[in-house]
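Visitor: Provide a 3D model corresponding to the input given below.
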Amino acid sequence: MNLELVYQVANLLVLPAWVAMLFKPSWRFGSDVLAPVITPAFMALLYTGFLVSTIVNPGPGSFGSLAGLSAMFSADTAMMTGWLHYLVTDVFIGAWALRESRRLGIRHGVMVPVLLLLLFMLPVGLLAYFGVRARHAGFAVTAGR
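Guide: Numbering: from 1, shown residues only. Just a heads-up that it's a prediction; the model follows:
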């Protein structure tokens with residue numbers, strides 16, 4: 001299997017969801033179905049295939065130490081599995097933050113930099129979103145509100 005091709009295709013497959021979230025936030029299919037369901041589900045299927053392949057043909061290393069983790073990710077299949085993990089998580093959390101921001105009345109212009117941070121630096125983007133959410137809605141935000 002050509003892992004470079006899989007890498008390129010996986011990166012392209014998440015782009016429609018990110019484009020929809022960044023440039024067409026009012027397109028409900030993009031923010032409510034494509035970004036939080038279809039794209040992550042498809043990427044999760046790819047991830048599952050790579051995970052099974054990695055389990056069946058384990059490479060060097062393990063999760064037991066930093067050196068073991070480094071050795072594990074020296075194998076291209078394990079690295080691709082990890083990259084797919086990132087892609088699934090980034091788009092899912094981006095879609096969640098966008099839907100929640102819309103529910104809370106946070107303007108999309110405020111969310112664009114947050115979404116870009118979520119795409120490129122997920123943990124920093126998550127902190128930024130928590131800050132934006134606290135500023136606009138307070139700290140008592142609940143899922144049912």
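
Visitor: alpha carbons only for contacts and neighbour counts from here, please
Guide: Fine.

Visitor: helix, strand, or coil at the residue nearest to the spatial centre of the chain?
Guide: Geometric centre of the chain, nearest residue: residue 90, 1.4 Å, by Cα atoms, centre = their mean. Using DSSP: H, G, I helix; E, B strand; the rest coil, the three-state assignment for residue 90 comes out as helix.

Visitor: kindly report the same for residue 64.
Guide: Quick answer, by three-state DSSP: residue 64 is coil.

Visitor: number of residues surrounding it?
Guide: 8 (other Cα atoms under 10 Å).

Visitor: buried set for the lowest-mean-pLDDT helix or strand in the chain?
Guide: Across the helices and strands of the chain, the lowest-confidence element by mean pLDDT, DSSP states H and E is helix 66-72, at a mean of 88. Neighbour counts over helix 66-72 (16 or more other Cα atoms under 10 Å) mark 71-72 as buried.

Visitor: which residues touch it?
Guide: Residues from elsewhere that reach helix 66-72, judged by Cα atoms under 8 Å, 6 or more residues apart in numbering: 59-63, 78.

Visitor: again, only using 6 Å
Guide: 60-63 (Cα atoms under 6 Å, 6 or more residues apart in numbering).
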